[in-house]
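> Sequence and computational prediction follow.
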Amino acid sequence: MYNAILFISIRRFLILLILPLMFSDISGQTVYKKARIETNMGSMTLVLYKETPLHSDNFIDLIQKGLYDGVIFHRIINNFMIQSGDLSTRYDPIKQAQGTRDITYTIPAEFYPALYHKKGAIAAARQGDNVNPTRASSGSQFYIVQGTKFTKDQLDQLEQKQMHIKFTPEQRKIYTEVGGTPHLDYAYTVFGQVIEGLDVIDKIASVPTDQKDRPIEDIRIIKIRIIE
């Protein structure tokens with residue numbers, strides 16, 4: 001009986017030890033929630049970070065209200081990013097104003113050094129520094145990083161030109177092997193990460209666009225839902 005109890009106690013201890021790891025992504029950040037984005041070009045699973053509670057909670061609130069369902073990716077730049085979240089584009093075929101309208105509030109920036117613009121990063125769009133010196137985020141618009149791979153020399157040049165603080169070894173590994181947009185680090189709030197469906201980002205990023213980076217054919221978010 002004692003051996004059985006001891007075995008159960010050890011097993012419970014191991015489960016408690018493992019559980020926190022199950023809720024962290026490969027970078028070690030704490031996963032707050034998981035969500036699924038369904039688009040007409042495939043689905044992506046993403047995590048939202050506990051380290052950015054203002055952005056994560058706002059994103060969850062908009063998801064639960066269904067406000068992202070039906071919006072389009074109104075700005076797409078191959079090898080850079082795909083942008084969505086203009087709530088006025090929900091089921092709206094009119095293109096001339098896409099991306100120019102926004103929800104009425106902003107969110108204070110939440111820069112966290114370990115959250116950076118690697119491929120699949122989800123970050124908040126915002127107005128430029130000239131009208132937004134505090135770099136407050138849009139209340140609804142966001143982008144997903146596709147980016148490109150950088151060489152060691154290119155990363156060195158970003159440091160030398162003071163366009164980036166010294167890269168950590170992890171950042172160098174990610175930016176050279178996976179890719180991203182390092183020049184956006186510490187300027188836009190990263191609050192999540194795509195963990196499944198990176199190929200869908202590539203598919204969306206490769207569609208034809210017009211001179212204003214708007215897709216010729218609508219790429220639409222069918223639904224976003226919280227799954228954990």
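Thanks, I have it.
> all contacts plus neighbour counts: C-alpha atoms, from now on.
Fine.
> mind listing what the residue nearest the centre of the chain touches?
Compute the mean C-alpha point of the chain, and by CA atoms, centre = their mean the closest residue is residue 122, 0.8 Å away. By CA atoms under 8 Å, 6 or more residues apart in numbering, the residues touching residue 122 are 142-145, 190-194.
> Nearest to residue 114 among these?
The shortest separation between residue 114 and any of the contacts of residue 122 is 9.6 Å, and it belongs to residue 190 (by CA to CA).
> From residue 210, how far off is the closest residue to the closest one other than its chain neighbours?
Take residue 190 and drop its neighbours on the chain: the residue closest to it by CA to CA, 6 or more residues apart in numbering is residue 123, 4.1 Å away. Counting by CA to CA, to the nearest Å, the gap between residue 123 and residue 210 amounts to 24 Å.
> Which one's more surrounded, those two?
The residue with the greater number of neighbours, taking residue 123 and residue 210 and applying other CA atoms under 10 Å, is residue 123; the counts read 24 against 10.
> Next, that one: secondary structure please.
Using DSSP: H, G, I helix; E, B strand; the rest coil, the three-state assignment for residue 123 comes out as strand.
> Kindly state the beta-bridge partners for it.
With DSSP bridges as the criterion, the beta-bridge partners of residue 123 are residue 143, residue 190.
> wait, it sits on residue 186?
No: the criterion here is CA atoms under 8 Å, and residue 123 misses it with residue 186 at 10.9 Å.
> Roughly how far does residue 134 sit from residue 109?
Spatial separation of residue 134 from residue 109 under the definition CA to CA is 7 Å.
> again with residue 52
According to CA to CA, residue 52 stands 9 Å off from residue 109.
> Find the nearest non-adjacent residue to residue 89, please.
Nearest in space to residue 89, with sequence neighbours left out and distances taken as CA to CA, 6+ apart, is residue 71 at 5.1 Å.
> separation between the one you found and residue 32?
Distance from residue 71 to residue 32, counting by CA to CA: 24 Å.
> again with residue 117
Summarising the geometry, the distance separating residue 117 from residue 32, computed by CA to CA, is 19 Å.
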